[in-house]
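Engineer: no sequence on this one, just coordinates:
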């Protein structure tokens, strides 16, 4: 007789290298743009390896535009499908 899995046991799923590489690539791309002096404001939202969220921002000279950019990003996240970026 095969034992049934315990529904109260949480199974941890290991983080993949693909996601870590994507985070590094994305941050490097934005850093290059910032180093060229092309960014005036930035907002970052992240999920760490334990599932907690991290946030940081530099509002620049127009916080309303940065808020609008975050709303645009929110829309992209809500519409996200695997493989989209």
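Structural biologist: Received it, and whenever you're ready, just let me know what you need. All of these numbers come straight from a predicted model, not from anything done at the bench. Residues are numbered from 1 along each chain as shown.
Engineer: can you give me the first-to-last residue distance of stretch 51-63?
Structural biologist: Distance between the two ends of stretch 51-63: 28 Å, counting by CA to CA, to the nearest Å.
Engineer: stretch 50-63 too?
Structural biologist: Stretch 50-63 stretches 30 Å from its first residue to its last (CA to CA).
Engineer: residues making contact with that stretch?
Structural biologist: The contact list for stretch 50-63, computed with CB atoms under 8 Å, 6 or more residues apart in numbering, reads 39, 40, 41, 42, 43, 44, 45, 46, 47, 48, 66. Every C-beta, even on glycine, is put in place using the N, C-alpha and C of the backbone.
Engineer: only the buried subset of those residues, as a ChimeraX command please.
Structural biologist: Buried subset of these, written as a ChimeraX selection, criterion 16 or more other CB atoms under 10 Å:
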select :43,66
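Engineer: which of the contacts of stretch 50-63 fall in strands?
Structural biologist: 42, 43, 44, 45, 46, 47 (DSSP state E).
Engineer: alright, I will stop here.
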